[in-house]
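1. Test case, fold it:
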Amino acid sequence: QVQLVESGGGLVQAGGSLRLSCAVSGRTFSRYAMGWFRQAPGKEREFVAAIASLGGRTDYTESVRGRFTISKDNAKNTVFLQMNSLKPEDTAVYYCAADSTNWMASRSMRDYDYWGQGTQVTVSS
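-> Numbers count the residues shown, from 1 in each chain. Just a heads-up that it's a prediction; the model follows:
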């Protein structure tokens, strides 16, 4: 069973930065495309960023492009989300997810078969 554990969330002022980490168990992490999603109170879960299995291709939702960076360390079985210039509208629970069957970075939640428990990010104005 693959397990994902997020960390790095917290409270930050607008304009600040946070770095989320997601540690993944298992020996085939290098084959997984990885994604970050978020869910704000009263809203549906939405795509934030994704990275292909070997890390060469990334994708971002428009609202975070240029502010967030997703990266993947296959030697450490970890995926990161560096979040800069944070805004109050970035407040949400952030989830990492693993796609064990496709190497491409996908925006669709249906492509991801393993999920973490989420980490809260709160941005104050």
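2. What score does the residue positioned nearest the centre of the chain have for pLDDT?
-> For the chain, the residue nearest the mean C-alpha position is residue 36 (2.4 Å; CA atoms, centre = their mean). Confidence at residue 36, expressed as pLDDT, is 98.
3. list the contacts for residue 102?
-> 33, 111 (CB atoms under 8 Å, 6 or more residues apart in numbering). The C-beta positions use only the backbone N, C-alpha and C, and glycine is treated the same way.
4. any idea how far the residue nearest to the centre of the chain is from residue 92?
-> 11 Å (CB to CB, to the nearest Å).
5. What's the local residue count around residue 116?
-> For residue 116, the neighbour count with other CB atoms under 10 Å is 22.
6. Okay, and the beta partners of the spatially closest residue to it that is not a sequence neighbour?
-> Closest residue to residue 116 apart from its sequence neighbours, by CB to CB, 6 or more residues apart in numbering: residue 4 at 3.7 Å. Beta bridges link residue 4 to residue 24 when assigned by DSSP bridges.
7. I'd say residue 4 and residue 98 touch.
-> Yes. Proximity of residue 4 to residue 98 meets the contact threshold set by CB atoms under 8 Å, at 6.2 Å.
8. Mutual contacts of the two, please.
-> In contact with both residue 4 and residue 98: 24, 114, 115, using CB under 8 Å, 6+ apart.
9. before we move on, what SS does the residue nearest to the centre of the chain have?
-> strand (DSSP: H, G, I helix; E, B strand; the rest coil).
10. got a list of what it touches?
-> Here residue 36 is in contact with 20, 22, 48, 49, 50, 70, 79, 81, 94, 95, 96, 97 (criterion: CB under 8 Å, 6+ apart).
11. could you dump these to a markdown table with distance to residue 13?
-> Shown next, in a markdown table, are those (distance: CB to CB, whole Å):
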| residue | distance to residue 13 |
| --- | --- |
| 20 | 17 |
| 22 | 24 |
| 48 | 20 |
| 49 | 22 |
| 50 | 28 |
| 70 | 23 |
| 79 | 25 |
| 81 | 19 |
| 94 | 18 |
| 95 | 23 |
| 96 | 24 |
| 97 | 28 |
